[in-house]
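Asker: generate coordinates for the sequence data below:
(3 chains)
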Amino acid sequence: MKYGLNGIASLGLCAVMAATSLTPVLAQDFTGQTLVVGVWGGDIERLLRENVIGPLEAETGAKVELLLGGTGDRVAKIYAEKDNPTMDIAFLNIFEAPQALADGVVVAPDPELQIFKDIWPDMNNGCYAMSLAALGIVYNKDAFATPPEWAALWAPELKGKIALPAFPGSEANGILAIAGRLAGADEHDADASFAKLAELKPIPLTYSNLDELLSLVDIGEVAAAPVISGYAIAGMKNYENIGFAFPTDPGPVLTRDMLCLVANSPSPELALLFAEKALGVVNQTAYANELYFGPTNSNVKLDPEISAMLIDSPEEVSTLTQLDWPFLIENRSAWTDRWNAEILVD
Amino acid sequence: MNLRRAGTDTIWIAWMAIGYIVVLLPIVVVVFASFSDSNTFRFPPTGYSLKWYQAAFASSEYRNALGVSLLVGLLATAVSLTAGTLAAYALSRSEFRGKSSIETLLLAPLALPHIVWAIGLLQIYAWLGIGGTLLGLVLAHAALTLPFAVRIMLSTFIQLDRTLQEAASTLGASPPRVIWHIVLPLIWPGVLTSALLTFLTSFNEVTVSVLIAGSRYLTYPVRLYSELRSQGIDPTTVAISAMLLALIVVFALIGERFLNWSRRV
Amino acid sequence: MARKSTVLLLTPGLLLTGAVFLSPFVFLGLTSFWTQRPNSLLIDPAFTLVNYVRIATDSFFLGTLFRTILLGIVTVAICLLLGLPIARWIARRAVRTRGILVVLMVTPMVSGALVQTLGLVNLLSLLGVINGLLKQLGLIDWSIRFLGNEGGVLIGLVQAFLPLMVLPLITTLAKLPEDLEAAARSLGAPAWRVWVTIILPLAMPGILAGSILVFFASVTSFVTPQILGQGKVQTFGTVMYQQSALVNDWPFASALAMAMMLVLGVLLLAVRAVRRGLERRPVIGSAS
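Answerer: Numbering: from 1, shown residues only, chains lettered A, B, ... in the order given. Have a look, this model is predicted:
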């Protein structure tokens, strides 16, 4: 009886797959196997459960488990467990992915796969590009009549009202690089960058989560802060007095969530099936519509209204500020000391 | 004289009140915040509602996480309490060289930095192949909570009247019988007290679990912490925390009423 | 006598502490003498002292160590000031309220650092209860910043660790002989004198025990300074977290941990020496 039901279910799924011709892979039986995915908790977790995990479990009979936490925890884990990993997939940030590949803890993306080809060119650096976002400005509408440029954050009357992210990280490295460019240099000139950013002192808040930041921006205790688009745009809906700006001079800093297949992982085939679904049109469309994370899959079609609020094409990417991440990583440790001493201390 | 005494008492109580306010106010605020109707807490709240409580009971994710925390807490308590009671018994009953070093050693987890320990442990677990398993998490929690078990059981055994056991032994009772009929009935309040303390410490542990817990055994505090680090606190967790707090207070009062808790910790 | 059974009884506990708790520190001790390969997070297991040289020569780390210890000492002092009267009342005066007073003191300790810190943030943040009340009363226009500075962290540390001070104090104070104080009082000694010459010296073991617990807990704590300090107050805990979880430089984080443990070990030995001195001293004779 149970067998029969399963059979009907997989027949139905085969039919669905044939109809949508998503992938040429036949539904395989992975019953009893477990896939472990390391990812952020919250809305991303919810979307993955709806669009990726549910269908994948139904098709393969496998069980998908999520390991929730921050990126740092995941990096610690995949390096510590290098020879004996428990995670199959890890979501990392733009700058950690190439490093992880160079260190051999993740598998290089396979250019022969259809899913690789579906993603805009030159984005699969280290791992598969999952979503696009950019470091822009979240601002209080009373403090700024129009969406501000980066330079406006340095206005004398806003001194002490600009919040910053925690260092190191893509947000903090991003705003440091912007400071460097405003000072006439770029991210390679640490002295210029730190000196310019230090002009914002005293820093009212180093934000660790968005709710904390947005509620303060809403009432004007914080005038503005550099924030990654996506979540921030989605979260803005809960507040009346908040705007989000993609500056143009220089453009917002490109960031990217990366989907990494862990090297020597226990279930590589299942991991690939997960990756195909996560990077697929359905999930990336949901990412865009609900979280305002830009799709990397070139087949995703979005409403113009949504499309205007996020980064979703190579043309848009070319207007963004792209950073020399390997250089930033190399200096991460030393710059952490400088950030502690030069930016945080009032 | 009486008036003067009343005066000093008032000052005394006022001074004590400061301590209690500092300790308790944050917890009162959490309970208060759980009835707020907005997504983020601000004061004064825009309105009150029970919706986060409804959400708490509807969420299977949180139920699972709480279930894992319960399981891990119970297992860790069993391990830690067994090891702790045996060690405390030995320490209370015999004198030997190096005894104080062993006592210090058993209390070490109270003093050493847990975050860094967790990173070392993570690598050792990976090497042993028990990373992300229930066993690994339970052992970690048991090691962390052992000092509580040892401390409370040690004071329980020291308070234990030794003459009773000696009398029983002289009358010909075998050591197992002495333990079963004399020692156990006398120490069980202490055992329950340290079990509760050990359990709660494990149940709330976050620093180490963030790194050690595997996907199948993701505890409730780890879930809460991962939210705190990205989008922000889900108000549902505030409601859950408020309910847990109420439970803890009820348990503590029961423990106090029947086990004389306050004389044991 | 029963040496063999003692060893047997101690084995599970020592195994748990030794194998699970201490072995990672041995491993970390080794790691602290290694470094990461250039441009990689992988570790190069070749002996080097660079991590320790970096700690010893960088004023930031020494400053942080100093600040952490200072925070710990101030926390201990405040906990003593608040805890002594509470413990004394519970030990001597409270009869029917004793149980509830102890329960109320212990509840926060067992309810978890996250919940407490969350409550403190709701209480002290710019949008929190205190600022909200002050604004409603028309006393302030812009919120007062309680968080993101040493003061906020201090409040959090006292809140979290006051019970660790009160509990051992209750035990010690309850054991003090009452007749001694009564005698002093009947001889006309004022209250402060009774405290200074009788109660405090006799309560010293409890004071030391509580102080050590509070001090160790506060200097190694991480969640409280991390969240209440809003990234702006650096303690050894937050720096270790930053180096291990954000920078992912585990050899350096290990060296920081070893440095911290060295300092704690030295302090512990010093306290031990003081305690030995106290024990040797004739108990009451020296009071006047």
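Asker: could you report the neighbour count for residue C:94?
Answerer: Here the number of neighbours of residue C:94 (other Cβ atoms under 10 Å in any protein chain shown) works out to 18. (Each C-beta comes from the backbone N, C-alpha and C, glycine too.)
Asker: how about the one 10 residues further on?
Answerer: If you count neighbours by other Cβ under 10 Å, residue C:104 ends up with 18.
Asker: just residue A:219 next, same as before
Answerer: Neighbours around residue A:219, by other Cβ under 10 Å: 16.
Asker: same thing with residue C:8?
Answerer: Residues near residue C:8, counting by other Cβ under 10 Å, number 12.
Asker: which strands and helices sit next to the helix or strand hosting it?
Answerer: Using DSSP states H and E, residue C:8 sits within helix C:3-15. On a contact count with 3 or more Cβ pairs under 8 Å, 6 or more residues apart in numbering or on different chains; DSSP states H and E, helix C:3-15 meets helix B:60-93, helix B:99-107.
Asker: 10 Å - rerun?
Answerer: For helix C:3-15, the packing partners by 3 or more Cβ pairs under 10 Å, 6 or more residues apart in numbering or on different chains; DSSP states H and E come out as helix B:60-93, helix B:99-107, helix B:134-159.
Asker: so what's whichever residue of chain B sits closest to chain A up against?
Answerer: Nearest residue of chain B to chain A (Cβ to the nearest Cβ) works out as residue B:232 at 2.7 Å. Contact analysis of residue B:232 by Cβ atoms under 10 Å, 6 or more residues apart in numbering or on different chains lists A:42, A:207-215, A:231, A:235, B:39-40.
Asker: quick one: it is in a strand?
Answerer: No. Assessed with DSSP: H, G, I helix; E, B strand; the rest coil, residue B:232 is coil; it does not lie in a strand.
Asker: what sits closest to it if chain neighbours are left out?
Answerer: Closest residue in space to residue B:232, ignoring its immediate chain neighbours: residue A:211 at 2.7 Å, by Cβ to Cβ, 6 or more residues apart in numbering or on different chains.
Asker: ok, residue B:55 next?
Answerer: Spatial nearest neighbour of residue B:55, excluding adjacent residues (Cβ to Cβ, 6+ apart): residue B:236 at 4.4 Å.
Asker: strands of chain C, start to end?
Answerer: Assigned by DSSP state E, the strands in chain C fall at C:35-36, C:43-44.
Asker: and the residue nearest to residue B:55, how far from residue A:261?
Answerer: Taking Cβ to Cβ, to the nearest Å as the measure, residue B:236 falls 33 Å from residue A:261.
Asker: ok, now residue A:112?
Answerer: As defined by Cβ to Cβ, residue A:112 lies at a distance of 14 Å from residue A:261.
Asker: next, count neighbours for residue B:201.
Answerer: By other Cβ under 10 Å, 22 other residues sit near residue B:201.
Asker: for it, which non-adjacent residue is spatially closest?
Answerer: Per Cβ to Cβ, 6+ apart, closest to residue B:201 is residue B:145, 4.9 Å.
Asker: show the contacting residues for the one you found.
Answerer: Each residue near residue B:145 by Cβ under 10 Å, 6+ apart is listed here: B:73, B:76-77, B:79-81, B:84, B:109, B:194, B:197-202, B:205, C:16.
Asker: shaky segments in the stretch 101-250 of chain C?
Answerer: In the predicted model, the stretch 101-250 of chain C carries no residue with pLDDT under 70.
Asker: report how many residues lie close to the closest residue to chain C within the stretch 151-265 of chain B.
Answerer: Of all residues in the stretch 151-265 of chain B, residue B:204 sits closest to chain C, at 3.0 Å by Cβ to the nearest Cβ. Applying other Cβ under 10 Å, we find 24 residues neighbouring residue B:204.
Asker: so the residue nearest to residue B:55 touches residue B:62, yeah?
Answerer: Yes. Counting by Cβ atoms under 10 Å, residue B:236 does reach residue B:62; the two are 6.7 Å apart.
Asker: now for these two: what residues contact both?
Answerer: Residues touching both residue B:236 and residue B:62 by Cβ under 10 Å, 6+ apart: B:55-56.
Asker: ok, residue B:194 touching residue B:148?
Answerer: Yes. Counting by Cβ under 10 Å, residue B:194 touches residue B:148, with 6.1 Å between them.
Asker: now the common contact residues for the two.
Answerer: Taking Cβ under 10 Å, 6+ apart as the contact rule, residue B:194 and residue B:148 both touch B:77, B:80-81, B:84, B:265.
Asker: those into CSV, with extra columns for neighbour count, distance to chain A and pLDDT?
Answerer: Rendered in CSV, the data for the shared contacts of residue B:194 and residue B:148 read as follows (neighbours: other Cβ atoms under 10 Å in any protein chain shown; distance: Cβ to the nearest Cβ, whole Å; pLDDT from 0 to 100):
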residue, neighbour count, distance to chain A, pLDDT
B:77, 27, 25, 97
B:80, 31, 24, 96
B:81, 24, 29, 95
B:84, 30, 29, 95
B:265, 26, 33, 55
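Asker: could I get those residues as JSON lines with distance to chain C?
Answerer: As requested, the shared contacts of residue B:194 and residue B:148 are exported to JSON lines (distance: Cβ to the nearest Cβ, whole Å):
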{"residue": "B:77", "distance to chain C": "13"}
{"residue": "B:80", "distance to chain C": "7"}
{"residue": "B:81", "distance to chain C": "11"}
{"residue": "B:84", "distance to chain C": "6"}
{"residue": "B:265", "distance to chain C": "5"}
